[in-house]
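Asker: Would you be able to build a 3D model of this:
(one chain, ligands or ions: 1)
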Amino acid sequence: MIVLASQSSSRRALLQAAQVPFEALSPGVDEEAAKEALRADGLDARALADALAELKALRVSRRVAGALVLGCDQTLSLSDGTMIDKAEDRADAERILKLLSGKVHHLHSAAVIVMNGEPIWRHVERVRMTVRPLSDAFITSYLDNEWDQCRWCVGCYRIEGPGAQLFSRIEGSQFAIQGLPLLPLLDFLRIRGVLPS
Ligand SMILES: Nc1nc2c(ncn2[C@H]2C[C@H](O)[C@@H](COP(=O)(O)OP(=O)(O)OP(=O)(O)O)O2)c(=O)[nH]1
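Answerer: Prediction:
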């Protein structure tokens, strides 16, 4: 059994589908404040995802002695390193999609396992996303249909849903896009005897 330090329904669904035994506890981290402080320290998108994943796992690990606690986080960066957060509202989602249109961006999907307050495993997977040129009309119809579902997703897309229509190419793991680097995690859980090898 592991403890998932997350409120993410997508992360829960990934672990459930892979038949990883887990329970989910909310990390209770003020992510915006933590993100601001870490960015002020100069962390790039990859390091930020790693640090936030560790922070969430550490926070929950204090409450569950002896447990393997998994924290995750995802950040999005443009080719010049500019980081894009989740959309604040629908108008912001339109702005983000116009920014991503016709360009490559990267998703950094981090997972950290902490036990008794000590990080014992970590993995950050980068996925290279090529967005096709999106017309304003397409963006409007896409958000009319999808905003309520994709508002929780960094990048304003659910890759397993209509989000697939945004891309001409994806280089990396779909699991990592949906919320966590699942295959490296399963490798570790087999080594630890949580899963059958
Ligand atoms: N179903 C689905 N979810 C996605 C996709 N892309 C991103 N997400 C979700 C996974 C995460 O829940 C969320 C990324 O935001 P965060 O990494 O900050 O996690 P979140 O705040 O949702 O939960 P947590 O911090 O783990 O409690 O977006 C996708 O393509 N499909």
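Asker: Mind listing the residues bridging to Glu23?
Answerer: Beta bridges link Glu23 to Val3, judged by DSSP bridges.
Asker: Any residue of the helix or strand harbouring Ala176 touching the ligand?
Answerer: Element membership for Ala176, per DSSP states H and E: helix 174-178. Yes: interface with the ligand: helix 174-178 contributes Ile177, Gln178 (Cβ under 6 Å from any ligand atom). Placement of C-beta: from N, CA and C, glycine included.
Asker: what packs against that helix?
Answerer: On a contact count with 3 or more Cβ pairs under 8 Å, 6 or more residues apart in numbering; DSSP states H and E, helix 174-178 meets helix 9-17, strand 104-115, strand 118-131, helix 182-191.
Asker: okay, those in JSON lines with mean pLDDT next?
Answerer: Converted to JSON lines, these look like this (pLDDT from 0 to 100):
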{"stretch": "helix 9-17", "mean pLDDT": "97"}
{"stretch": "strand 104-115", "mean pLDDT": "98"}
{"stretch": "strand 118-131", "mean pLDDT": "98"}
{"stretch": "helix 182-191", "mean pLDDT": "98"}
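Asker: Tell me which of the ones you listed sits nearest to the ligand.
Answerer: Of all the helices and strands packed on helix 174-178, helix 9-17 sits nearest to the ligand, with 3.5 Å by Cβ to the nearest ligand atom.
Asker: so how far is that closest one from its chain's centroid?
Answerer: Relative to the chain's own centre, helix 9-17 is displaced by 12 Å; criterion: Cα atoms, centre = their mean, to the nearest Å.
Asker: in it, what's buried?
Answerer: Ser10, Arg11, Arg12, Leu14, Leu15 (16 or more other Cβ atoms under 10 Å).
Asker: Using PDB, list the CA coordinates for it.
Answerer: Taking C-alpha atoms only, helix 9-17 is exported to PDB below (Å, rounded to 0.1, in the frame of the first residue of the first chain):
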ATOM      1  CA  SER A   9      -8.700  12.700  -9.600                       C
ATOM      2  CA  SER A  10      -6.500  12.100 -12.600                       C
ATOM      3  CA  ARG A  11      -3.700  10.700 -10.400                       C
ATOM      4  CA  ARG A  12      -6.100   8.600  -8.500                       C
ATOM      5  CA  ALA A  13      -7.500   7.200 -11.700                       C
ATOM      6  CA  LEU A  14      -4.000   6.400 -13.000                       C
ATOM      7  CA  LEU A  15      -3.100   4.400  -9.900                       C
ATOM      8  CA  GLN A  16      -6.500   2.700  -9.700                       C
ATOM      9  CA  ALA A  17      -6.300   1.600 -13.400                       C
END
